[in-house]
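1. I'll drop the sequence and a predicted model, then ask my questions.
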Amino acid sequence: MSTTPTVLVVEDEEAYADALTIGLAREGFTVLWARDGQEGVELFQKNDVDVILLDLMLPKMSGFDVCRSIRATSDVPIIVVSAKGEEIDAVVMLEMGADDYVTKPYRLRELVARIRAVQRRRDAGSSAAVEATQVFEVGPVRLEIETRRCFLRGEEIKLRKKEFALLQLLIEHAGRVMTRDVLIEQVWGADYFGDTKTLDVHIKRLRNLLETAPKDPLIITTVRGIGYRFETNAV
Ligand code: CA
């Protein structure tokens, strides 16, 4: 990866894109700005882009079509930026392969943390392919897949089978929003017809075991209307 990662901002609101360009440049990123979906795809093809920030509602070509077009040829990290009330589209985009999701308005610090998380994950992913890692260590949590053991700050925690499977799925995709449907399908199976509250019950139990303040979680956070995310910056 280059020392100054290039972020492609696909955003039609000029004032918003300007502020973002200044803020991200200050954080050490090179910023390319596309003001519509079509320009977004063109700039992506012509440049060496490390991360894409993709607005959903765009002129000429929707964020949905931009995502599909880019995913056909590239696994570049894509962070969907959506306004309030666009959650449904964001779910579709995550299931199409977008990596993460933020809602406007967000703080620049949060956005930068998300960008760094998707980059880290991509870097880890390329080495994991060689090593086939069986141990995940993110923040205070360590998960050993083969021995099925979980540690929190070095202390072993006993997990039930489904809790372990759920935690594994979340930690494997740390920094990425996992939709409720994907979590239910992968932990309980595609033919699961039970109550979708089962997922929340398991999340609640994991939080009780892992979080210092389970009602104000820092490790497994809720992304409203979408699903859950294992945070990469918890300590
Ligand atoms: Ca827009």
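-> Thanks, I have it.

2. Nearest spatial neighbour of residue 156, chain-adjacent residues omitted?
-> Residue nearest to residue 156 in three dimensions, not counting chain neighbours: residue 149, with 6.2 Å by C-beta to C-beta, 6 or more residues apart in numbering. All C-beta atoms are positioned from the backbone trio N, CA, C, and that covers glycine.

3. next helix or strand past the helix or strand of the chain with the lowest mean pLDDT?
-> When the helices and strands of the chain are compared on mean pLDDT, DSSP states H and E, helix 108-131 comes out lowest with a mean of 74. Using DSSP states H and E, the next helix or strand after helix 108-131 towards the C-terminus is strand 135-138.

4. List the buried residues of that following strand.
-> Of the residues in strand 135-138, 136, 138 count as buried by neighbour count, 16 or more other C-beta atoms under 10 Å.

5. what does the chain have sitting close to the ion?
-> The chain comes close to the ion at residues 12, 55, 57, as judged by C-beta under 5 Å from the ion.

6. mind running it again at 8 Å?
-> Where the chain comes near the ion, counting by C-beta under 8 Å from the ion, the residues are 11, 12, 13, 55, 56, 57, 58, 83.

7. coming back round to it: show me the beta-bridge partners of the residue nearest to residue 156.
-> residue 144 (DSSP bridges).

8. what about it, distance to residue 32?
-> 44 Å (C-beta to C-beta, to the nearest Å).

9. ok, now residue 120?
-> Taking C-beta to C-beta, one finds residue 120 at 21 Å from residue 32.

10. same deal with residue 214?
-> 41 Å.

11. pLDDT score for the most centrally placed residue in the chain?
-> Nearest to the geometric centre of the chain sits residue 176, at 2.1 Å (C-alpha atoms, centre = their mean). At residue 176, the model reports a pLDDT of 88.

12. likewise residue 24?
-> Per-residue pLDDT puts residue 24 at 95.

13. Isn't it up against residue 7?
-> Yes - in this structure, residue 24 is within contact of residue 7 by C-beta atoms under 8 Å, at 5.7 Å.

14. Give the residues shared as contacts by those two.
-> The contact sets of residue 24 and residue 7 overlap at residue 31 (C-beta atoms under 8 Å, 6 or more residues apart in numbering).

15. quick one on the thing from earlier: comparing residue 214 and residue 32, which residue is more hemmed in?
-> Between residue 214 and residue 32, residue 32 has the larger neighbour count (other C-beta atoms under 10 Å), namely 19 against 16.

16. Identify the bridge partners of that one.
-> Beta-bridge partners, per DSSP bridges, of residue 32: residue 8.

17. Kindly report the same for residue 223.
-> Here residue 223, judged by DSSP bridges, has bridge partners residue 227.
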